[in-house]
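Chemist: here is my input, please return the structure:
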Amino acid sequence: MMKEHMKNMNEEQKTAIREWLKRGDGHSVAPVDYYTDMGLPIEFLEPMVNRTWSNFVHVPKGISKVAKDALTYQPIGWHEENERWVFLLTPQQQEDGYIETRYGSLSQSRTKRVWVEEGEFDDTYGYEEMNEEEKAQFKREHDIHPDASYQHMSKDDEYWVISFRIPVTPETNYDKEPIEYDIKETVSHFLVKYDGTKRIDKFNAGRFAWTRKQVKKMKPMTKKASMDWVREQLARREENFPFSSMYMGGDELVFFVDGKQRAMKDIAEDYRQYDLREQGYLVEAYNRQIEACPQAEAFIQDTKQVPLGWVYEKFVPLGYTDVMWNNNWMTPWVDGIGSTRVISALANALDVSLDGIGTLGRGSTARAYGKAVLTYLEEECNFAELLQA
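Modeler: Residues are numbered from 1 along each chain as shown. Model (predicted):
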């Protein structure tokens, strides 16, 4: 069934599938329409759709900075009025129906114990007799949080046991400095729609404000401006390093062909057309965002004007390596499917064996699996015709 479906794809869909399988996109998680746009059947994809979360926290009012708890790694926030760290909920916990922080499960025993050999301390000299510098060094050597408070020492056979209490406080880096993220008033503004406790839609107000600003100030590039830009690039080429072309987004701007420079007016016209396309993309993005939230203009002028049906929330990333980014904008969650999983499912549906294919990780796995699937499609589903086109 899948084989016949792939055979009957149009040339545009086959080209998109080919490029996707060659790239692999092993680290990508995409919405289902990313795959249906390439021609894959919705009934094949829907059972694989799952929610992937970014590492972020919803920041309530009164919180001026956020971090991860040094002991549990649960998100915490600095409550400005009470001057203390408090537990916050992860988006998953909120979606699971937590109404308030359950301190019984979050604030597990805050005690950490260190065992040291008998000879390090005796009945007359223990942790309490150390000076402040020695105490700090002891904590560093035994990976004790610098803010931990000493509780007591006791003897256990051949070891001394020193107990500390870890407060609700941020985790630290290798230099024992707290890892904290200040809440900036100008960023992280989101509008969210709910179905019960489940977030079902999101609108990035910051991204809309940026897009709106670009659209409002844009104007067609003049021929003079494009010629000036080309002269600047050619001057930089002579000063720095040679190049024959320049990639701008998905476009290739060609300066030299077979070692000979193209006419400057032709290069400038290509650049002007590129700029027009970029402006068109921005206008399309702006219109899509207005369609998604018609009241967005009023909201970014005054965040108290929350559109009907939406909830205003601030989302702050807790680190950057485990956050999904789209053109440098955080994507809090994606209801989609990982590329590697779709390629594997496609291989299974086509009866393509993936046994014995060695890989080094998700990225290489997707490319290796994609190559196997593409080889099959070229041999069995007329995809080889694209090579001749």
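
Chemist: for the nearest residue to Ser149 once chain neighbours are set aside, name its beta-bridge partners.
Modeler: The shortest distance from Ser149 to any non-neighbouring residue, by CB to CB, 6 or more residues apart in numbering, is to Arg165 (5.0 Å). In this view, the C-beta of every residue, glycine as well, is placed from N, C-alpha and C. Taking DSSP bridges as the rule, Arg165 bridges to Thr111, Ser149.

Chemist: got a list of what Arg165 touches?
Modeler: With contact taken as CB atoms under 8 Å, 6 or more residues apart in numbering, Arg165 is in contact with Arg110, Thr111, Lys112, Ala148, Ser149, Gln151.

Chemist: in PyMOL, select just the buried ones from those.
Modeler: For the buried members of those, the matching PyMOL selection, counting by 16 or more other CB atoms under 10 Å, is:
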select buried, resi 110+112+148
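
Chemist: columns distance to Lys216 and pLDDT on top of the contacts of Arg165, output as CSV?
Modeler: Shown next, in CSV, are the contacts of Arg165 (distance: CB to CB, whole Å; pLDDT from 0 to 100):
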residue, distance to Lys216, pLDDT
Arg110, 52, 85
Thr111, 57, 86
Lys112, 55, 87
Ala148, 53, 91
Ser149, 55, 91
Gln151, 60, 92
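
Chemist: closest one to Leu71 out of the contacts of Arg165, please.
Modeler: Using CB to CB, the shortest approach to Leu71 within the contacts of Arg165 belongs to Arg110, at 6.2 Å.

Chemist: please report how far the closest one lies from His142.
Modeler: Per CB to CB, to the nearest Å, Arg110 is found 16 Å from His142.

Chemist: now do Ala30
Modeler: Taking CB to CB, one finds Ala30 at 45 Å from His142.

Chemist: again, but for Trp20
Modeler: 51 Å.

Chemist: more neighbours, those two?
Modeler: Relative neighbour count places Trp20 above the other of Trp20 and His142, with 22 against 14, counting by other CB atoms under 10 Å.

Chemist: mind checking the SS state of that one?
Modeler: helix (DSSP: H, G, I helix; E, B strand; the rest coil).

Chemist: pLDDT score assigned to it?
Modeler: At Trp20, the model reports a pLDDT of 92.

Chemist: just the one 10 residues further on next, same as before
Modeler: Here the pLDDT value assigned to Ala30 is 88.

Chemist: who does it bridge with?
Modeler: Beta-bridge partners, per DSSP bridges, of Ala30: Ile337.

Chemist: and it, how far is that from Trp210?
Modeler: Taking CB to CB, one finds Ala30 at 23 Å from Trp210.

Chemist: so the chain: which segments form each domain?
Modeler: Annotated domains of the chain cover 2-53+332-388, 56-107, 111-165, 214-312 [automatic domain parsing].

Chemist: closest to Glu171 out of those?
Modeler: domain 56-107 (4.5 Å).

Chemist: for Arg272, which non-adjacent residue is spatially closest?
Modeler: Arg272 sits nearest to Ser226 (CB to CB, 6+ apart), 4.3 Å away.

Chemist: which residues touch the one you found?
Modeler: Taking CB under 8 Å, 6+ apart, one finds Ala268, Glu269, Tyr271, Arg272, Asp275 in contact with Ser226.

Chemist: return a ChimeraX selection command for the buried portion of these.
Modeler: Filtering the contacts of Ser226 down to the buried ones (16+ other CB under 10 Å) takes a single ChimeraX command:
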select :268,271,272,275
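
Chemist: show me which positions of the helix or strand that Phe138 is a member of end up buried.
Modeler: Using DSSP states H and E, Phe138 sits within helix 132-141. Buried residues in helix 132-141, defined by neighbour count with 16+ other CB under 10 Å: Lys135, Phe138, Lys139.

Chemist: reformat the residues you listed as CSV; add distance to Thr197.
Modeler: Converted to CSV, the buried residues of helix 132-141 look like this (distance: CB to CB, whole Å):
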residue, distance to Thr197
Lys135, 45
Phe138, 45
Lys139, 40
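
Chemist: in the chain, which spans are helices?
Modeler: 2-7, 11-23, 32-36, 42-45, 91-95, 103-106, 132-141, 205-217, 223-239, 264-292, 296-301, 339-349, 362-380, 385-388 (DSSP state H).

Chemist: pick out the shakiest of the ones you listed, pLDDT-wise.
Modeler: Looking at the helices of the chain, the weakest mean confidence is helix 103-106, a mean of 50.

Chemist: now Asn50. Nearest residue, chain neighbours left out?
Modeler: Asn50's closest residue in space is Ile337 (CB to CB, 6+ apart), at 7.0 Å.

Chemist: just give me the neighbour total for the one you found.
Modeler: Neighbour tally, Ile337, other CB under 10 Å: 23.

Chemist: now do the contacts for it.
Modeler: By CB under 8 Å, 6+ apart, Ile337 lies in contact with Val29, Ala30, Val32, Tyr35, Leu45, Met48, Val49, Asn50.

Chemist: buried only: go through these for me.
Modeler: Applying 16+ other CB under 10 Å to the contacts of Ile337 flags Val29, Ala30, Val32, Tyr35, Leu45 as buried.

Chemist: wait, which of those is closest to Lys65?
Modeler: Out of the buried ones among the contacts of Ile337, the member with the shortest distance to Lys65 (by CB to CB) is Val29, at 28.9 Å.

Chemist: surely the closest one is in contact with Val334?
Modeler: Yes - Val29 is within contact range of Val334, at 5.0 Å (criterion: CB atoms under 8 Å).

Chemist: tell me, what's touching these two both at once?
Modeler: In contact with both Val29 and Val334: Thr52, Met324, using CB under 8 Å, 6+ apart.

Chemist: give the bridge partners for the residue nearest in space to the middle of the chain, please.
Modeler: Central residue of the chain (CA atoms, centre = their mean): Met324, 1.5 Å from the mean position. Legend: beta-bridge partners of Met324 under DSSP bridges are Thr331.
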